[in-house]
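Asks: Below: sequence and its predicted model.
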Amino acid sequence: MKKMYGYIRVSTLKQGEGVSLQEQKEAIARYAQQHNFEISEWIEEKETAAKQGRPLFSAIIKQLQAKKSDGVIIHKIDRSARNIQDWADISELLDNEIEIHFAHESLDLKSRSGRLCADMQAVIATDYIRNLKQETKKGIDGRLKQGFYPFQAPTGYLNNGGGKYKTIDPLSAPLVKKAFELYASQKYSLDELAERMWQLGLRNLRQGRIRVENLSRILRNPFYMGVLKVNNESFKGGHEPLISTTLFKQAQGVMQGKTNQKTTRHNFLFKKLLTCHECGYSLIGELQKGNVYFRCHTKECSTKGMREITINRLLVNAFDPLQLHPQEAAALDTLLADTEKNWINTHQQLEHSLKLQRGQTEQRLARLTDCYLDGDFGKDEFEKRKEKLLVEVKAIEEKERQFSTEKSEIFSRAKKFLELVKSFKNSYEKGITEEKRRLIEIATSNLVIEERKLGIAMRTPFFEMSQRYNLPFGAPNHNTHRIDNTKIVYSDIDTPPVVTEPVSEDKLRHLLDLILQNVMSLPIPPNDVNYDI
């Protein structure tokens, strides 16, 4: 009695749990009994055969070539050959007079006509797989264009079944967002971040430690800011973004080495905050005889540097005009309360402007597609430009949400901004190093050393608040564009600020408009700073 392998395969693990394996096994057993064969070993493979490389099938081929069995019985041809290479391996066995039997087909594989029929069925099975892959890709592309992500939800999101958007996981999403924030802070390497996130409780799908390479994959995934990217193609996602486009870009900057993450021995107050006006490089802190100096190390540069204590005194003077007169503080509180009541009417024009910006960007995206279809540029360039435009659309949508759905947050931050301004100088003078650095980052966009002068580029609306006595008279039009950050140079550290009377209500209304327009874009400080913008 000849000994045969019995080979069974199902396309998926899920299918293997059903009746398919049992039905194949019964059919093969009946065939063996009818032809007086003995099944020496059953081989069950629960993997896809769309690609060559099934481990058990390949092992059977090698064992048959080594004459360790008389042959193999397989349920059907399409169970053995779902690609040309697999059928070529089987054909080689047949040519070497190794017996191959198919329980479902009555084919004489020793005859020319039988081999021809088997070859045709193998080709049909291969074509079936190709067509299935093509149709599957069409379906996936269709879902992606609709904003759906037809794959496993990334860490931080939940699956909700086919045809539904992924939703934020209330348990893991805050930890994923924290990972982006910590990495963007430039204080953690990937190895250190992986350890930190393990301590905070972030886990993989198997509740184990997230490896560094997987953490890197999370930090590079634009899904978290609302963009779907599959096979180098980008699509606008319909799910709720977990992080802002700004935070995602900051993380990518660190990932790509565009920011400096070198560790220094001293935690100087103005570390990486000072720039040389002449050469554009950062000034480096040095400790000499108990005093800290910031110097430019570029040869041929005329900038000599400044003492840390001098820079600190200049900043205190710059922050002093931010303090509000009691009458100004009371008037701003009243104006803010009145503006909150009339928010919808007074800011319709701003919302309409954002809507127009989004429409224009989407039109550019459509024109870009037309140019690509017309052959004006290649696919790589098209995908690069498309991804950039999709990010722009997402950024505008974030601003729209700020005006349409985050009313309470905007006014909450505006109130906290006013509270901060009232005590900004005092908080800076009494704060520890990290608190001082964070206040500097909130209020300024750049500190420049020019010869022996300090240039302070204060952010809007901090700049306008400090210069409110010199603002033009009258309230601005609501269509007024946002004022750019402006450099103010303080060169005489001993000159006290000019004390004046409270400014008019019109100027305060102007200031309030600037605060509401810009407060959502101000940097967010950590929890240990007593300021929650």
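Replies: Received the coordinates, thanks.
Asks: Let me see the domain layout of this structure.
Replies: Taking automatic domain parsing as the reference, the chain has its domains at 2-136, 157-255, 274-325+410-521, 327-405.
Asks: Let me know the average pLDDT across the last one.
Replies: Pointing back at domain 327-405 there. Domain 327-405 shows a mean pLDDT of 82.
Asks: picking up where we left off before, between the domains of the chain, which gets nearest to residue 143?
Replies: Of all those, domain 157-255 sits nearest to residue 143, with 8.0 Å by Cβ to Cβ. Just so you know, the C-beta spots here come from the backbone N, C-alpha and C atoms, and that holds for glycine as well.
Asks: Please identify which of the domains of the chain is closest to residue 148.
Replies: Checking the domains of the chain against residue 148 by Cβ to Cβ gives domain 157-255 as the closest, at 6.5 Å.
Asks: for the host helix or strand of residue 372, packing partners?
Replies: Assigned by DSSP states H and E, residue 372 belongs to helix 348-373. Judged by 3 or more Cβ pairs under 8 Å, 6 or more residues apart in numbering; DSSP states H and E, the packing partners of helix 348-373 are helix 379-404.
Asks: Measure how the helix it packs on sits relative to helix 348-373, angle-wise.
Replies: Taking axes from the mean of the first three to the mean of the last three Cα atoms, to 10 degrees, one finds helix 379-404 and helix 348-373 inclined to each other by 170 degrees.
Asks: Tell me how far helix 379-404 lies from the chain's centre.
Replies: 13 Å (Cα atoms, centre = their mean, to the nearest Å).
Asks: and the gap between the nearest residue to residue 234 once chain neighbours are set aside and residue 235?
Replies: Counting by Cβ to Cβ, 6 or more residues apart in numbering, residue 234 lies nearest to residue 387, which is 4.1 Å off, once chain neighbours are set aside. Residue 387 sits 10 Å away from residue 235, going by Cβ to Cβ, to the nearest Å.
Asks: Comparing these two, which shows the higher neighbour count?
Replies: With other Cβ atoms under 10 Å as the criterion, residue 387 and residue 235 differ in neighbour count, and residue 235 comes out ahead with 20 against 17.
Asks: in a helix, that's where the more buried one is, yeah?
Replies: No: counting by DSSP: H, G, I helix; E, B strand; the rest coil, residue 235 is located in no helix; its state is strand.
Asks: For it, give the beta-bridge partners.
Replies: Taking DSSP bridges as the rule, residue 235 bridges to residue 228.
Asks: Tell me who's in contact with it.
Replies: 144-145, 147, 227-229, 390 (Cβ atoms under 8 Å, 6 or more residues apart in numbering).
Asks: Turn these into TSV, including neighbour count.
Replies: Formatted as TSV, the contacts of residue 235 follow (neighbours: other Cβ atoms under 10 Å):
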residue	neighbour count
144	21
145	11
147	14
227	20
228	23
229	17
390	24
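Asks: Make a markdown table out of those residues and add distance to residue 328.
Replies: As requested, these are exported to a markdown table (distance: Cβ to Cβ, whole Å):
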| residue | distance to residue 328 |
| --- | --- |
| 144 | 53 |
| 145 | 53 |
| 147 | 47 |
| 227 | 44 |
| 228 | 49 |
| 229 | 49 |
| 390 | 44 |
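Asks: just checking, next helix/strand downstream of the host helix or strand of residue 133?
Replies: In this assignment (DSSP H and E), residue 133 forms part of helix 112-145. Next helix or strand after helix 112-145 toward the C-terminus (DSSP H and E): strand 157-158.
Asks: quick check: mean pLDDT across that next one?
Replies: Averaged across strand 157-158, the pLDDT comes to 92.
Asks: which residues are in contact with that strand?
Replies: Taking contacts as Cβ under 8 Å, 6+ apart, the residues outside strand 157-158 that touch it are 166-169, 173, 223, 239, 242.
Asks: Please, a PyMOL command that selects the buried ones among the residues you listed?
Replies: Command for PyMOL that selects the buried part of those, burial taken from 16 or more other Cβ atoms under 10 Å:
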select buried, resi 166+168+169+173+223+239+242
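Asks: so which of the contacts of strand 157-158 would you say is closest to residue 511?
Replies: Proximity of the contacts of strand 157-158 to residue 511 was ranked by Cβ to Cβ; the top entry is residue 242 with 33.6 Å.
Asks: Touching, the closest one and residue 177? I think so.
Replies: Yes: counting by Cβ atoms under 8 Å, residue 242 sits close enough to residue 177 to count as a contact (5.7 Å).
Asks: joint contacts of these two?
Replies: Common contact partners of residue 242 and residue 177 (Cβ under 8 Å, 6+ apart): residue 156.
Asks: quick one on the thing from earlier: is it possible to get CSV of the domains of the chain that adds distance to residue 151?
Replies: Shown next, in CSV, are the domains of the chain (distance: least, Cβ to Cβ, whole Å):
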stretch, distance to residue 151
domain 2-136, 12
domain 157-255, 8
domain 274-325+410-521, 33
domain 327-405, 18
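Asks: what sits up against the helix or strand residue 334 falls within?
Replies: Using DSSP H and E, the element containing residue 334 is helix 326-341. Residues from elsewhere that reach helix 326-341 (Cβ under 8 Å, 6+ apart): 324, 346, 407, 411, 414-415, 418, 422, 502-503, 505, 508-509, 511-512, 516.
Asks: again, only this time at 7 Å
Replies: Helix 326-341 is contacted from outside by 346, 411, 414-415, 418, 422, 502-503, 505, 508-509, 512, using Cβ atoms under 7 Å, 6 or more residues apart in numbering.
Asks: tell me which of the residues you listed is nearest to residue 87?
Replies: Checking these one by one against residue 87 (Cβ to Cβ), the nearest turns out to be residue 411, at 70.1 Å.
Asks: so what does the strand or helix carrying that closest one touch, helix or strand wise?
Replies: In this structure, residue 411 sits in helix 407-422 according to DSSP H and E. The contact analysis (3 or more Cβ pairs under 7 Å, 6 or more residues apart in numbering; DSSP states H and E) places helix 407-422 against helix 326-341, helix 505-518.
Asks: out of the contacts of strand 157-158, which are inside helices?
Replies: Secondary structure defined by DSSP state H assigns residue 173 of the contacts of strand 157-158 to helices.
Asks: Contact partners for the residue nearest to residue 450 when sequence neighbours are not counted?
Replies: Counting by Cβ to Cβ, 6+ apart, residue 277 is the residue found nearest to residue 450 once chain neighbours are left out, at 3.8 Å. By Cβ under 7 Å, 6+ apart, the residues touching residue 277 are 303, 448-450, 455.
Asks: quick one, phi/psi of residue 250?
Replies: Note on residue 250: backbone dihedrals following degrees, to the nearest 10 are phi -60, psi -40.
Asks: I should have written residue 449 there, sorry.
Replies: Per-residue torsions, residue 449: phi -100, psi 120 (degrees, to the nearest 10).
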